[in-house]
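Novice: Here is my input; please provide its structure:
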Amino acid sequence: MDLGVGRSTAARRLRDALQDLGAETSEQLRATVEHRLDGVLQRLNRLRFQAQADGNTALELKILTAILACERDRVRLLGLAVPSAVVIQVEQGDPHAA
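Specialist: This next block holds a predicted model:
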C-alpha cells in the first residue's frame, strides 16, 4: 500500500505518534493509579477508625502499616522519592548534596 510518503517520513511520523501516545498514556496511567491509591487510603482510614473504636490495636497497627505502604507508593509514583544517602548528606550539612 502506497501512502504517498517516503519511508523515512513514515518512520518519523510513526515515532512521533508513538512518543505522544507514550507520554499521554503515562500521564493517564499515573492519574489512574493515584486515584486508586486515594480510594484504598480512604477505605483503610475507615477501617482504622473502626479498629480504633473497637479497641483492636493489633488490627489498627496492621492498617497503619498498609497506609504507610500506600503513601510510599504515592511518593514513588510522583517521583518524590529522595535516595536515603542524599537525605543523610543534607542532614550532615554536606554542601554538595543533591
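Novice: Would you map the helices across this structure?
Specialist: 7-54, 57-77, 84-91 (DSSP state H).
Novice: deepest of the ones you listed, which one?
Specialist: Each of the helices of the chain was scored by mean neighbour count; the highest is helix 57-77, a mean of 14, by mean count of other C-beta atoms under 10 Å. (Each C-beta comes from the backbone N, C-alpha and C, glycine too.)
Novice: Also compute the angle for that one relative to helix 7-54, please.
Specialist: Compare the direction of helix 57-77 with that of helix 7-54 by axes from the mean of the first three to the mean of the last three C-alpha atoms, to 10 degrees and you get 160 degrees.
Novice: before we move on, back to that, in TSV: the helices of the chain, plus mean pLDDT.
Specialist: Below are the helices of the chain laid out as TSV (pLDDT from 0 to 100):
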stretch	mean pLDDT
helix 7-54	84
helix 57-77	91
helix 84-91	70
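Novice: Spatially central residue in this protein, please.
Specialist: Central residue check for the chain by C-alpha atoms, centre = their mean: the C-alpha nearest the mean position is that of residue 77, 1.5 Å away.
Novice: Surely it and residue 32 touch.
Specialist: No. Between residue 77 and residue 32 there is no contact under C-beta atoms under 8 Å: 10.5 Å.
Novice: Please name the residues that touch the residue nearest to the centre of the chain.
Specialist: By C-beta atoms under 8 Å, 6 or more residues apart in numbering, the contact list for residue 77 reads 30, 33-34, 37.
Novice: Could you check how far it is from residue 59?
Specialist: Applying C-beta to C-beta, to the nearest Å, the value for residue 77 to residue 59 is 27 Å.
Novice: do the same with residue 73
Specialist: 21 Å.
Novice: ok, now residue 92?
Specialist: Distance from residue 92 to residue 59, by C-beta to C-beta: 39 Å.
Novice: How about residue 18?
Specialist: 47 Å.
Novice: export the contacts of residue 77 to TSV and tack on distance to residue 53?
Specialist: Below are those laid out as TSV (distance: C-beta to C-beta, whole Å):
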residue	distance to residue 53
30	35
33	30
34	29
37	24
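Novice: for those residues, which one is nearest residue 88?
Specialist: residue 37 (27.8 Å; C-beta to C-beta).
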